[in-house]
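# Sequence plus predicted model, see below.
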Amino acid sequence: MKTKLRALIVDDSQDMVELLVRHMTEMGFDTFAGNNVVEAISILENSAIDVVITDMRMPEVSGYQLVKYMSQHFPTVPILVVTGYPDLRDAVEVVKMGAMEYLIKPFTFEELKAAIDKVIEDPNFNQVEENQEKEEVVDAYHGIIGRSEPMQKLYATIRRTKNNLATVLITGESGTGKEMVARAIHYTSQFSSAPFVPVNCGAIPEQLLESELFGHVKGSFTGAVNNRIGFFQAANGGSLFLDEISNTTLAVQAKLLRAIQEKEVTMLGDTKSQKVTLRLISASNTNLLDLVGKNLFREDLYYRLNIISIHIPPLRERHEDIPLLVDYFNEKYANENAREPLVINKRIMQVLEEYAWPGNVRELENFIHRMVILCDKKVDFNDLPDYMKMNISNRKEETSLLTLKEVEKNHILKVLSATNNNKTQAAKILGIDRKTLRQKLVT
Ligand SMILES: Nc1ncnc2c1ncn2[C@@H]1O[C@H](COP(=O)(O)OP(=O)(O)OP(=O)(O)O)[C@@H](O)[C@H]1O
Ligand SMILES: [Mg+2]
């Protein structure tokens, strides 16, 4: 059984490796060292490493590549990046890939210790649980249901956001669970006891959005009878969730950019600014880059909002999550209505799995809720609306309602297509001569 935590140090400078080994040993770690990324990966694969400290610029393979590799293969191992080239671009890139802290050389022992404490001593950081989670495919994460591969990746990304305040942009069609994911990010982070403030940018009239976001002082506009703080100040210390961010005007976008860059906001009609520290999570169901292309969304703001990006795929691209969600909502609404969950047989489940769910999880949830209320004990095929059964009945027609001649013609066309319309070859495969083939094609 291992007792000490294990740190892996990766730097091409032997002096730096020795310095870090000394410091980390003093902090009580077992240390491992690599002078390049290839060595580092082999150590990672063979020893249970608890934290990685890596340089950014190294000959051949960069620290950036290592962070990227770890985000895919060791998503739960915290990473501290140490670099001699402070540069916002690098910082943004590594945080986006999963590094948790960023330290600039030269640094003192105290600075290193503070950074290590931050990545290791996170109240939510539980070595055993994290390592188990890494290996296991889970069916749910903080109320989010789903075991498909994209959902496992999503859970890993949420876990990686715990220790930093990097901005997160969540994209996905309506009803895919964007707000749910935003809440999970907040409530699993170390800032969970501070407020989570959701703002629907699409539901607030344009002229009001600015004062709602940043606050206003008395008399700053007609109707401003009192000083009022904005959502930014209300979310201080916690998370501000800007839903439907595409609905902001360019004027509001300029103010948002300033708030993110300067970490301060100015109330409408005020001259002084106020410092705010928070995590900004935004969501959109339209492609913001398209809007950037049409000059409707500021490009600089887009990149500021998007340090960590999370895309939630539509339900039709993760069919295997459907039965889980059906069972979950069946149980949930049965409980709520004090009755037994409905019996849903295989055939019904198959229809539900094949249906495209244009309204995603929200549509599925509402549908199951309705079934629990309307059906008695079990769901019958006839309880399903026709539009859901369409797929199934189409397929039935295709196979059972064709004449022999039609089946024959379809088969001939398939073979022709497979032979690139080479009639000689097709006739050979079909076991007929070319003349017969021609005749069969015209009748
Ligand atoms: N993976 C999931 N597991 C359980 N419930 C989910 C999941 N995804 C979505 N839901 C449920 O579906 C409903 C819609 O989710 P949510 O409001 O987060 O979607 P959204 O992406 O924000 O949609 P919109 O773009 O329309 O605002 C909610 O009731 C939520 O609880
Ligand atoms: Mg939403």
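Perfect, I can see it now. Everything quoted here is computed from the prediction, not taken from an experiment. Residues are numbered from 1 along each chain as shown. Ligands and ions are numbered 1, 2, ... in the order given.

# Can you pull the residues of this protein lying near ligand 1?
For the chain, the residues in contact with ligand 1 (C-beta under 6 Å from any ligand atom) are 144-146, 172, 174-180, 285, 361-362, 365. From N, CA and C alone the C-beta is placed, and that goes for glycine too.

# how far away is the residue of the chain found nearest ligand 1 from R304?
Of all residues in the chain, G177 sits closest to ligand 1, with a separation of 2.7 Å (C-beta to the nearest ligand atom). If you measure G177 against R304 using C-beta to C-beta, to the nearest Å, the figure is 24 Å.

# Same question for L296.
17 Å.

# More neighbours: which of those two?
Using other C-beta atoms under 10 Å, the more surrounded residue of L296 and R304 is R304, with 19 against 15.

# wait, that one sits on L257?
Yes - counting by C-beta atoms under 8 Å, L257 is a contact partner of R304 at 6.3 Å.

# Give me the residue at the spatial middle of this protein.
I310 (2.8 Å; C-alpha atoms, centre = their mean).

# what sits against that one?
If you count contacts by C-beta atoms under 8 Å, 6 or more residues apart in numbering, I310 has them with 154, 157-158, 168-171, 181.

# possible to save the residues you listed as CSV with secondary structure, pLDDT and distance to N236?
Output for the contacts of I310, formatted as CSV (DSSP: H, G, I helix; E, B strand; the rest coil; pLDDT from 0 to 100; distance: C-beta to C-beta, whole Å):
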residue, secondary structure, pLDDT, distance to N236
L154, helix, 94, 27
T157, helix, 89, 25
I158, helix, 91, 22
V168, strand, 93, 18
L169, strand, 95, 21
I170, strand, 97, 22
T171, strand, 95, 26
V181, helix, 97, 22
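
# hmm, which two among these are most spread apart?
I158 and T171 (15.0 Å; C-beta to C-beta).

# Compare neighbour counts for these two and give me the winner.
Set I158 next to T171 and count neighbours by other C-beta under 10 Å: I158 wins out with 23 against 19.

# Would you confirm that the more buried one contacts A184?
Yes - contact status for I158 versus A184: in contact at 5.5 Å, counting by C-beta under 8 Å.

# Common neighbours of those two, please.
141-142.

# Would you list the phi and psi of I145?
The phi and psi values for I145, taken as degrees, to the nearest 10, are phi -100, psi 140.

# A140 touches G146, doesn't it?
Yes - counting by C-beta under 8 Å, A140 touches G146, with 7.3 Å between them.

# more neighbours, these two?
Neighbours were counted for A140 and for G146 using other C-beta under 10 Å; G146 has more, 26 against 13.

# how far away is the closest residue to that one other than its chain neighbours from M349?
Closest residue to G146 apart from its sequence neighbours, by C-beta to C-beta, 6 or more residues apart in numbering: D321 at 4.2 Å. Taken as C-beta to C-beta, the spacing of D321 relative to M349 amounts to 13 Å.

# between the two, which one's more packed in?
Taking other C-beta under 10 Å, D321 and M349 do not tie; D321 has more neighbours (22 against 15).

# mind checking the SS state of L80?
For L80, the secondary structure call by DSSP: H, G, I helix; E, B strand; the rest coil comes out as strand.

# residues contacting T419?
425-426, 429.

# Let me know the pLDDT of it.
At T419, the model reports a pLDDT of 70.

# can you give me the helices in the stretch 151-300 of the chain?
In the stretch 151-300 of the chain, the segments counted as helices under DSSP state H, counting those that start in this stretch are 178-187, 206-214, 231-234, 250-262, 288-293, 299-305.

# Make a markdown table from those helices and add distance to P75 to it.
As requested, those are exported to a markdown table (distance: least, C-beta to C-beta, whole Å):
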| stretch | distance to P75 |
| --- | --- |
| helix 178-187 | 15 |
| helix 206-214 | 33 |
| helix 231-234 | 31 |
| helix 250-262 | 26 |
| helix 288-293 | 25 |
| helix 299-305 | 22 |
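
# what's the closest of those helices to S71?
helix 178-187 (16.4 Å).

# Packing partners of that closest one?
strand 144-145, helix 149-160, strand 168-171, strand 196-200, strand 239-243, strand 279-284 (3 or more C-beta pairs under 8 Å, 6 or more residues apart in numbering; DSSP states H and E).

# which residues of the protein score low on pLDDT?
Scanning the chain for pLDDT under 70 picks out 1-3, 85-92, 96-99, 121-135, 391-401, 417-418, 420, 443.

# Domain map for it?
6-130, 137-311, 316-398, 403-442 (automatic domain parsing).

# roughly how far is the longest one from the heart of the chain?
Its chain's C-alpha centre lies 15 Å from the corresponding centre of domain 137-311 when counted by C-alpha atoms, centre = their mean, to the nearest Å.

# mind checking the end-to-end distance for that domain?
19 Å (C-alpha to C-alpha, to the nearest Å).

# need the contact list for the closest residue to L242 other than its chain neighbours.
Leaving aside its sequence neighbours, L242 sits nearest to S282 (C-beta to C-beta, 6+ apart; 4.4 Å). S282 is in contact with 167-170, 241-243, 245, 305, counting by C-beta under 8 Å, 6+ apart.

# Overlap in contacts, A140 and G146.
L324.
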